[in-house]
Structure formats: C-alpha cells, structure tokens
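1. My questions are about this predicted structure, shown below with the sequence.
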Amino acid sequence: MKTCHQFASLREEYEREIGYLSAHSQRHAGRPSAKASAKHATTTKARMARALSGHLGRCPECG
C-alpha cells in the first residue's frame, strides 16, 4: 500500500514514543513506573491505530 509522507511521519512519531515507553518499562521492571509505562505504551498503540486509520480515510493520496 502506498502512503504519503504525512502518514509515514505520523507513524514514526508514534513508534518512537512506544519505543521509549517500552524501553522504560523493561529497564525498570518490577517498579510501579514500569507498569505505568507499559500501560501507556498499550494505549499509545491504540491511539496510533486510530490516528492512522483516520488519516487513511481523509487523505486523498493514501485512501
């Protein structure tokens, strides 16, 4: 599927944030902050999916 530059940059931004949160969760395993980071990573994945599907519906290049 061919996507536009905005889709790619949006996806990169979300994936970077998910990576930071996941890495923090692994580094601090067993602590409350690790659990919170893991939960935020999960919700960020859902937000990414919603944002990207919304983009596909609106963008004339991607959709």
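-> That came in fine, so what should we check first?

2. What distance do you get for the residue minimising distance to the centre of the chain to R58?
-> For the chain, the residue nearest the mean C-alpha position is Y14 (3.2 Å; C-alpha atoms, centre = their mean). Taking C-beta to C-beta, to the nearest Å as the measure, Y14 falls 17 Å from R58. To be clear about C-beta, it is placed using only N, CA and C from the backbone, and glycine gets the same treatment.

3. same question, T42
-> Going from T42 to R58 by C-beta to C-beta gives 25 Å.

4. of those two, who's got more company?
-> Neighbour tally, T42 and R58, criterion other C-beta atoms under 10 Å: the higher count belongs to T42, 13 against 9.

5. Pretty sure the residue nearest to the centre of the chain sits against M48.
-> Yes. Distance between Y14 and M48: 3.7 Å, which falls inside the contact criterion (C-beta atoms under 8 Å).

6. Going along the chain, name the strands of this structure.
-> Secondary structure of the chain (DSSP state E): no strands located.

7. Show me which residues of the longest helix seen in it are buried.
-> Determined from DSSP state H, the single longest helix within the chain is helix 32-58. Buried residues in helix 32-58, counted by 16 or more other C-beta atoms under 10 Å: 34, 37-38, 40-41, 44-45, 48, 52, 55.

8. pLDDT of that helix, averaged?
-> Helix 32-58 shows a mean pLDDT of 96.

9. gap between that helix and the chain center?
-> Relative to its chain's centre, helix 32-58 lies at 5 Å (C-alpha atoms, centre = their mean, to the nearest Å).

10. Just give me the neighbour total for C62.
-> That count, for C62 with other C-beta under 10 Å as the rule, works out to 16.

11. and the residue nearest to H40 when sequence neighbours are not counted, what does it touch?
-> Closest residue to H40 apart from its sequence neighbours, by C-beta to C-beta, 6 or more residues apart in numbering: L21 at 5.2 Å. L21 is in contact with 37-38, 40-41, 44, counting by C-beta atoms under 8 Å, 6 or more residues apart in numbering.

12. where's the residue in the chain sticking out farthest from the centre relative to H40, distance?
-> The centre of the chain is farthest from one residue, G30, which by C-alpha atoms, centre = their mean lies 23.4 Å away. The gap separating G30 from H40 is 17 Å, by C-beta to C-beta.
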